[in-house]
Structure formats: structure tokens, C-alpha cells
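A.B. asks: Give me a model of this one.
(chains A and B)
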Amino acid sequence: MAQATQDIQTRDKQEVQSPAEPTTPGRVFSPLVDIFEDDQALTIVADMPGVPSENVSIDLQEDTLTLTGVPTLTVPDSEETLVQEFEIGKFFRQFRLSEVIDQPHIKANLNHGVLRVTLPKIGPAKPRKVQITEH
Amino acid sequence: MLIRQVKRWPFENQLNGFSELDRLRRDLSRFLTTPGGQVGLDSPAGVYPFLTVTQDQDNFYIRSEIPGMTMDELDVSVTGRNVTVSGERKIPTEDQQVRYHRREREAGKFRRQFNLPSDVDCDKVEAKYRHGALMVILPKAESAKPRKIAING
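C.D. replies: Reported below is the predicted structural model:
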């Protein structure tokens, strides 16, 4: 067998630690992410398995970006559990952004449980020039 | 009496409606199998992907979270009571220009094999992959289903 790729390592789902008490039952997990940037944009790719697009929310307030996803997957009570290695729960993760983001042009796309958010920068690279008119 | 005292101290104030004990029980259940269902996993939790196996009277159900796959990269095969879930997760490479700040998502091959407590009807197994979550419904073989015996008086 060609050793082109490595085997995937497992990682336990990381539960979100919050000082606030939950008001709804169920655990909340932090999705695994890739974050990268180029000159134009900052991109966040997050794994949110089981979450349909209508259950994703992306919220940017001041410099805090909040990603939330609610999976539709459930195990009905009529089923008896034989093995449980993971739990289904909400996804939640917050990021503090260090750059100014062009909010109206944020783009998001969800594909088989992978959320990709592109945040275009309004960086110092593009200084706004104020035109002064003279009479 | 003693149990009650032990339970009340010192966690009383930390317990909310969704209690820590509940949580602990669920975590432990990952390492223990229930007496009724001897699901023989190839290895304890630690091999990708994580699975949940349940049953009702007619079917076994396998659920797993495998985000970012396509149908043809994912393979489920069943023989008798043996189930294999395998595939290769690919993460497309980004432009050379980008600078990574975090890389938590992993790509690679995976393969998970295990035995269900009884045989299944291989022809009627159904697998669905939606929103990055896999769900396999495996109807139990007729011989494995509980049979109700009529008692004649």
C-alpha cells in the first residue's frame, strides 16, 4: 500500500467551559478549526458535523466573532445504546479578531458539515483617502 | 445514609440540573459495554471515527461524525455481523500565499471494523451521509429477531 497519506488521529470533542449555567440540557462542544489569512482576507474553516445550513449562525460584534451550530442528529429514546464514543451537542466557538473586517462582504459556505467563513480585511494596506475639495 | 452524606458533600453547590455525575456516567459508558450488547470493537475508543451504536427491536443503528467527505470517499461494508467503515478524508490545500494560524482539522485514511451482537440482513442495509454525519441502519436478520411464541391454552 502506498503511504501517500497518514492515518487520521482521533481527538476527543472538546467541551466548552463556560462560567455561566446552561439553560438547556446537552453539552456544548468546540469545533475543530483551521485559520489562515492572506493579504485580502482571514478564513476560518470549522468542522460542524450534522449541522444543516439553517442551524448555523455567524455573528460579528465589534471584534468578537461567534460561530454556533446546532446539529439535527438525535438518538430517539426507543433505541438502546450499545456503544457510545461521542456525544451529539451544539458547536460554539468565539474568536477575537485583530483586524478590521469588511462586514457586509463576509462570506460563508457549508459543505458536508464543514463551515468556511471568509472575512475580507479592511486593512491598513488600503488607507482611505479623504478628498478635499477647493472652491 | 452514608451514601447520601457523601453525595451532598462537597459538590452540592456545583451541581446544576445537568449534573456532573450524569456526565461522568456517560463518559464512562464509552469504555464499558452494556451487558446485553456485546459489540466487539476492534479497539477501544481511540480510532477514528468515533461511533455510536444503538439498537431497537428491528434494527441496529450506527452514527458517526465524519465531516467534509463525499459519498465516494466513504465506504461502509457489511458481512454477517461484521461492519467496516473506512475512507479517506481530504482537506484541499490552500493557496501557497496563506499564513496558517491554526491547523486543528486532520486529513488522512481511516478504517474501523467491529462486530454487532447478531447477524444483519446485508441486502437491506441503508447508509445515509448528510451534513457530514453518517447514519447506517442495519436490519437484524430474521433469525436474530426476538420471536413471540403464541401460548395455546
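
A.B. asks: Within its local environment, how many residues does the residue in chain B positioned nearest to chain A see?
C.D. replies: Taking Cβ to the nearest Cβ as the measure, the point where chain B comes nearest chain A is residue B:132, at 1.8 Å. Where C-beta positions appear, they are placed from N, C-alpha and C, glycine not excepted. Close neighbours of residue B:132, defined as other Cβ atoms under 10 Å in any protein chain shown, add up to 25.

A.B. asks: ok, now residue B:66?
C.D. replies: Under the neighbour criterion other Cβ under 10 Å, residue B:66 is assigned a count of 23.

A.B. asks: Verify the contact between it and residue B:87 for me.
C.D. replies: Yes - counting by Cβ atoms under 8 Å, a contact exists between residue B:66 and residue B:87, whose distance comes to 7.2 Å.

A.B. asks: Quickly list what's touching both of those two.
C.D. replies: Residues touching both residue B:66 and residue B:87 (Cβ atoms under 8 Å, 6 or more residues apart in numbering or on different chains): residue B:74.

A.B. asks: Need the per-residue pLDDT for the closest residue to the residue of chain B closest to chain A other than its chain neighbours.
C.D. replies: Across the structure, with Cβ to Cβ, 6 or more residues apart in numbering or on different chains as the measure, the residue nearest residue B:132 apart from its sequence neighbours is residue A:113 (1.8 Å). At residue A:113 the predicted local confidence, pLDDT, stands at 94.

A.B. asks: List the residues that contact residue A:113.
C.D. replies: For residue A:113, the contacting residues are A:47, A:48, A:49, A:50, A:51, B:65, B:67, B:68, B:131, B:132, B:133, by Cβ under 8 Å, 6+ apart.

A.B. asks: Repeat the analysis, applying 7 Å as the threshold.
C.D. replies: Going by Cβ atoms under 7 Å, 6 or more residues apart in numbering or on different chains, residue A:113 touches A:47, A:48, A:49, A:50, A:51, B:67, B:68, B:131, B:132, B:133.
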